[in-house]
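Student: Predicted model and sequence below, questions to follow.
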Amino acid sequence: MSPSLYAIVILIVILVVLLTVAALLVWFERRLLGLWQDRYGPNRVGPFGIFQTVADTIKLLTKEDWIPPFADRPVFVIAPAIVMVTVLLAFGVVPFAPTVQVADLNIGLLFFLGMSSLGVYSVTLAGWSSDNKYALVGSLRAAAQMLAYEVFMGLSLMGVVMLAGSFSLRAIVEAQRGLWYCVPQLLGLIVFANAGIAETRRLPFDLPEAESEIVAGYHSEYSGMKFGMFFIGEYLGITLISAMAVTLFFGGWLGPWLPPVVWFALKTLILVCGFILLRATLPRPRFDQLMAYGWKVMLPLALLNLAVTGAIVTARA
Amino acid sequence: MDVLQELAAAFPGVHFVPQPTRDLVPTCWAPADRAHEVVAHLKRSGYRMLYDLAAVDERLRADRAALPAHDFTVVYHLLSFDRNADVRIKVPLDDAHPSLATVTDIWPSANWYEREIFDMFGILFDGHPRLARLLMPTTWKGHPLRKDHPARATEMGTFHMTEARVEEEQDALRFHPEEWGLTRHDDGEDYMFLNLGPQHPGTHGVLRIVLQLRGEEIVDAIPQIGYHHRGAEKMGERQSWHTFIPYTDRVDYLGGVMNNLPYVLSVERLAGIEVPDRVKVIRIMLCELFRIASHLVWYGTFAQDVGALSPVFYMFTDRERVFGIIEAICGARMHPNWFRIGGVAEDLPKGWDRLVSDFVAYFKPRLREYDTLVMANAIFRARTRGIGGCTAGEAIDWGATGPVLRATGLEWDFRKKRPYSGYDQFQFDIPTGQHGDSYDRAVVHVEEIRQSVRIIEQCVSGMPEGPYKSAATLATPPLKERTMHDIETLITHFLGVSWGPVIPAGEALVHVEATKGDNGYYLTSDGNTIPYRVRIRTPSFPHMQMVPMLSRGRMIPDLLAILGSLDFVLADIDR
């Protein structure tokens, strides 16, 4: 098989697998939450309710494609697509295994950060174009939250880059053969995890769509498959952040006995469960508390991590 | 010295007419032009809370001869914490232009009470800041609690929704901030107005709060109520004494039989019925079970309001266990309609004590788990501490009772201070807070669940033997065993069931420490088979009125943390 054909096949396989995984995650989260909350969750459609998402998707697709008359039409339509596109593009640089990767960019990490930064446009534009006060409040929250947490998400990863000496994600994984970076970069991992939750807008950082406060926040006016894209985008986002955490801190595909892809999938799944467990456990902070936590706790931590790692790397050299 | 004598001494020129009542609350009539001074004086002399403010349309009353000649009565019910005593001031008004000076300058809580009276009776309050309809739609014609206003839709003629009518109704719904007393802009900046509700996930029902916002900061918040108004008081005037009991269940729909209690106690006071000891303990046990059920709903939904997803599932599961017991005893879950005038509907079923003991054994460790899950959570504390705090003085001024009042540090529980239904036989503590904020209200609620468990344990161990209903003639329905022996008791039974009992003329208010605060039924009988007036004083009504004060200057999420901690039920506000 020629290299370009191989790349296209990998691309299609990854795309299909990702969308399937995101859809399955919806079901998986609901079952897992059900388990933790003393109830069943969806268990009627297919074995263990596994086709629930299929049923939901059919419902979303056959719903009236409603655009509110007061909305800014083009922006309203584009916004949900942005979240899907940016997250899927970011997956392009994730090394699932030594040979399973769409593109091994030498600036892979920066590409990921760039794409996840673009994601904020989706949420902000969705809220702005809806011309709904709840959506507006939600998108303002989203803009402030994601911009703030973007800053130290980047900073938290610089320690990893320093240790590995490369922005290429494959090189970063290879550099973890001796020791996973979750040990020397524990602080970086903690900051990255916080920023990652904020980026995916999941509890406890789900302020842009805080149901009990602002109904559904930025996507209050969305329905049908446009809402479905936000929804799938969220689960793709969880998978992306978990996959990135695995790549950067947990040795990526590295592991004995099992094939590399399986190791990668297993590690990612465990982190995804962590996301879901957080959602099942924690309440939501207030907006100003979230910002204070970001700027006053997380940013200094990220800077500290950066300085200490830098000092150690320099001393060793 | 008696408070009425004090009054006569303080106002030598005023002619006060005392009136005896069945509930023994000192009651007197004061002329309309002096009423404001009189209640102001009473507030200064220790009656610090405006417990209730209600009106009565006296025009069709059968026993009018004994009262001063007039058409409407406005009743001020004041409560003194220092003396642990009440006083009731009645003001007679004439039909032509019923009006009275407002007391909103004395008690801020009078605002809604006076609006409600205006809405329901058309009585005007001079000097009221915004005398608009409160519960009925603004386009409503007439004043529903007047005796000439029909109670049933079938009495009102055919309803036509014409084009013009649709236009009119929709115009009335248009939002004009000025009508709400809100300014659109200030110092060159425009405010955002946000309509929170009546359909909103965080308002626990059909409640609308109009928010005037600067960014996310609340400049002013104005609750609009009435969406859940079902005219419970009007229905009381067409049901027999007995058949009104199921309606009470639905006032605080989380409180179940807790709502029956003040009603049947009031009727029993009017009828002079003494209930057997077993009845008292059964009632207390059921009430405390419902307090637990209601507080569990509060606990779970409050956690959800601040964003925690899971607690509500655990707490609703536990509530289901409580309902299991309630269903085994009463045959129904949320609205058992189980207390009767003079007793309860049935005796306890066999094996009830094991059900209750099993639940208590299961529930105590669960409560400790919830403490770590919710109360000890750092984010939960950050969201609720220092949010929506008020002092005991403010709470009293606004008519707050129950956990809202106790969270401010005032140890006031009607079960202890004025034991009814035999609560003096039980040992339990009154939990209090210090800051009166959302967190302290939560602490008080949680501790109250524990105390309720204690009371229930004592009920199980000390349940007295005896009949489950009084043998008094007015107890309804009468004990069946007595009916088949002679014609006299058979006739009484027949009449009591078909027409309902004739309750002797008189007035009585009995209030209880309900799940959310003080719930009282002020019943007026003119010696008939139906009540002449049923006034329902509910705790959620004044609590909701405090929301603007508690939330000004806070952010939207804080408003939800305040609403959640107040523990209200919309039906309890609107009745």
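Tutor: Perfect, thanks for sending it.
Student: can you pull the contacts of A:Trp295?
Tutor: A:Ala148 (C-beta atoms under 8 Å, 6 or more residues apart in numbering or on different chains). C-beta: built from backbone N, CA, C; applies to glycine.
Student: Just to be sure, it is in a helix?
Tutor: Yes. Counting by DSSP: H, G, I helix; E, B strand; the rest coil, A:Trp295 is part of a helix.
Student: what about B:Asp90, is that helix, strand or coil?
Tutor: Check again: residue B:90 is Lys, not Asp. Strictly by three-state DSSP, B:Lys90 counts as strand.
Student: What number of residues are in the vicinity of it?
Tutor: If you count neighbours by other C-beta atoms under 10 Å in any protein chain shown, B:Lys90 ends up with 22.
Student: Help me confirm that it comes into contact with B:Ala30.
Tutor: Yes. Between B:Lys90 and B:Ala30 there is a contact at 7.2 Å, judged by C-beta atoms under 8 Å.
Student: For the closest residue to B:Leu7 other than its chain neighbours, give me its contacts.
Tutor: What sits nearest to B:Leu7 in space, not counting adjacent residues and going by C-beta to C-beta, 6 or more residues apart in numbering or on different chains, is B:Phe16, at 6.0 Å. If you count contacts by C-beta under 8 Å, 6+ apart, B:Phe16 has them with B:4, B:7-8, B:28-30.
Student: Format the residues you listed as a markdown table; extra columns: distance to B:Ile123, pLDDT and neighbour count.
Tutor: Shown next, in a markdown table, are these (distance: C-beta to C-beta, whole Å; pLDDT from 0 to 100; neighbours: other C-beta atoms under 10 Å in any protein chain shown):
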| residue | distance to B:Ile123 | pLDDT | neighbour count |
| --- | --- | --- | --- |
| B:Leu4 | 25 | 80 | 16 |
| B:Leu7 | 23 | 80 | 21 |
| B:Ala8 | 26 | 79 | 15 |
| B:Cys28 | 20 | 87 | 18 |
| B:Trp29 | 16 | 86 | 19 |
| B:Ala30 | 16 | 86 | 22 |
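Student: want to throw the residues you listed into TSV with secondary structure?
Tutor: Output for those, formatted as TSV (three-state DSSP):
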residue	secondary structure
B:Leu4	helix
B:Leu7	helix
B:Ala8	helix
B:Cys28	strand
B:Trp29	strand
B:Ala30	coil
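Student: which of those residues sit farthest apart?
Tutor: Across these, the longest distance by C-beta to C-beta is 12.3 Å; it joins B:Ala8 and B:Trp29.
Student: and which of the contacts of B:Phe16 is nearest to chain A?
Tutor: For the contacts of B:Phe16, the closest approach to chain A (C-beta to the nearest C-beta) belongs to B:Ala30, at 47.0 Å.
Student: Surely that closest one and B:Leu93 touch.
Tutor: No. Counting by C-beta under 8 Å, B:Ala30 sits too far from B:Leu93 to count as a contact (11.7 Å).
Student: Adding distance to B:Ser109, write the contacts of B:Phe16 out as a markdown table.
Tutor: Conversion of the contacts of B:Phe16 to a markdown table gives the following (distance: C-beta to C-beta, whole Å):
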| residue | distance to B:Ser109 |
| --- | --- |
| B:Leu4 | 24 |
| B:Leu7 | 22 |
| B:Ala8 | 27 |
| B:Cys28 | 22 |
| B:Trp29 | 23 |
| B:Ala30 | 20 |
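Student: Residue numbers of chain A in contact with chain B?
Tutor: Contact residues, chain A versus chain B (C-beta under 8 Å from any C-beta of the partner chain): A:33, A:36-39, A:133-134, A:137, A:203-204, A:206, A:210-215, A:279-289.
Student: And the buried ones among those, selectable in ChimeraX?
Tutor: Selection of buried members from the residues of chain A next to chain B for ChimeraX, criterion 16 or more other C-beta atoms under 10 Å in any protein chain shown:
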select /A:33,36,37,133,134,137,203,204,206,210,211,212,213,214,215,279,280,281,282,283,284,285,286,287
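Student: The residues of chain A next to chain B in helices, which ones?
Tutor: Counting by DSSP state H, those place A:33, A:36, A:133-134, A:137, A:211-214, A:279-281, A:287-289 in helices.
Student: low-confidence ranges in the stretch 1-150 of chain A?
Tutor: A:1 (pLDDT under 70).
Student: buried set for stretch B:401-421?
Tutor: Within stretch B:401-421, the residues that count as buried by 16+ other C-beta under 10 Å are B:401-410, B:412-415, B:418, B:420-421.
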